[in-house]
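A.B. asks: Using only what follows, build the 3D model:
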Amino acid sequence: MELRHLKYFLTVAEDLHFGKAAARLNMAQPPLSLQIRQLEEEIGVPLFHRTKRKVELTKEGQLFLEKVNQIFKDLEEAVESVKRVNRGEVGEIAIGFISSSAYDILPTIIEHYRKAYPNIHIDLQQLTTREQLKALHEGAIDIGILCQPANIKNDGIHFEVIRQERMMIALPEDHRLASGTSPIHLEELAGDSFILTGRKANQSHYDTVINSRYQAGFHPKVVQETQELPTVLSLVSSGMGVAIVPSSIQHVLKNKVVYRDIYNNPITTSTAFAWKSGNLSPTVHAFLNLMRKSVIPFFHQV
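C.D. replies: All right, here's what the predicted structure looks like:
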């Protein structure tokens, strides 16, 4: 028994007329009648009552029709399920993200992605940039949302910038420079204590910030390094020191912290998507296509 035999049976059962069924199947009536007889012989029961005037389903034929309809329904669903997997519409995606993206970039990404692909399970993992690069290489995550590294080799990892932004000075609200309005010269902070996200968490960002202060003519006094940006700002708010942070953070974390522009600002940071070059899964492909259409243009305009 082949699938075509079931198709022949289903067509005859719907029309209850061999001639009409043969026309629909684009075949002659005698071969169709032969195929149905062979099907009945293989099953061992008659499926149709045939007279010169009409064709009717037997009781067995009626039961068989129900089962055949279910077979074709299941087949259609199986085909559609495979197509949905191929389009990246079902399954799971593991996304790593840095803490600074959790305030605006990550919520925007999740909102767009869940609307477009409600049947994809999202596994979110908060990781530093360094941890994400390792996880991408090991296949522990599919997509990274991280600070784009500069001047370091990450063989097999692709990056696509979501947003490039300037850096600002974060000051305790009672700092001597907190009440001003004009941009701050970095050399004005030569005597201040600095709080940084550690080099292990984000080597590129750490080196850029340190080098900017050397270029401003002073050796930075680093009193604390931490893994996460919210912790940096918490320490700034406590009066422990000052920090250089992404400008976007000023809109979400303001408690006892004042943000000031840097004069002749040479310091920028880029948040980017990252993925392993060998990861060609439909889910990752669909995710990146959606982000290029909806999320990246939005943050490029901000």
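
A.B. asks: Tell me the buried residues in stretch 263-271?
C.D. replies: Judged by neighbour count using 16 or more other CB atoms under 10 Å, the buried positions of stretch 263-271 are 265, 267, 269-271. Every residue, glycine included, has its C-beta placed from N, CA and C.

A.B. asks: Wait, I110 touches I122, no?
C.D. replies: Yes - counting by CB atoms under 8 Å, I122 is a contact partner of I110 at 6.8 Å.

A.B. asks: I184: neighbour count?
C.D. replies: Around I184 there are 18 other residues, counting by other CB atoms under 10 Å.

A.B. asks: Kindly check the end-to-end length of stretch 245-265 for me.
C.D. replies: 12 Å (CA to CA, to the nearest Å).

A.B. asks: Quick one: residues in contact with that stretch.
C.D. replies: With CB atoms under 8 Å, 6 or more residues apart in numbering as the test, stretch 245-265 has contacts from 100, 103-104, 163, 165-173, 175, 177-178, 180, 182-186, 229-230, 232-233, 236-238, 244, 269, 271.

A.B. asks: show me where pLDDT drops low in the stretch 1-150 of the chain?
C.D. replies: For the stretch 1-150 of the chain, the stretches with pLDDT under 70 are 90, 150.

A.B. asks: Can you show me the strands along it?
C.D. replies: For the stretch 1-150 of the chain, the strands defined by DSSP state E, counting those that start in this stretch cover 48-50, 55-57, 91-97, 120-126, 143-147.

A.B. asks: Return the most buried member of those.
C.D. replies: The highest mean neighbour count among the strands of the stretch 1-150 of the chain, using mean count of other CB atoms under 10 Å, belongs to strand 143-147: a mean of 26.

A.B. asks: Direction-wise, compare that one with strand 91-97 and give the angle.
C.D. replies: In terms of direction (axes from the mean of the first three to the mean of the last three CA atoms, to 10 degrees), strand 143-147 departs from strand 91-97 by 10 degrees.
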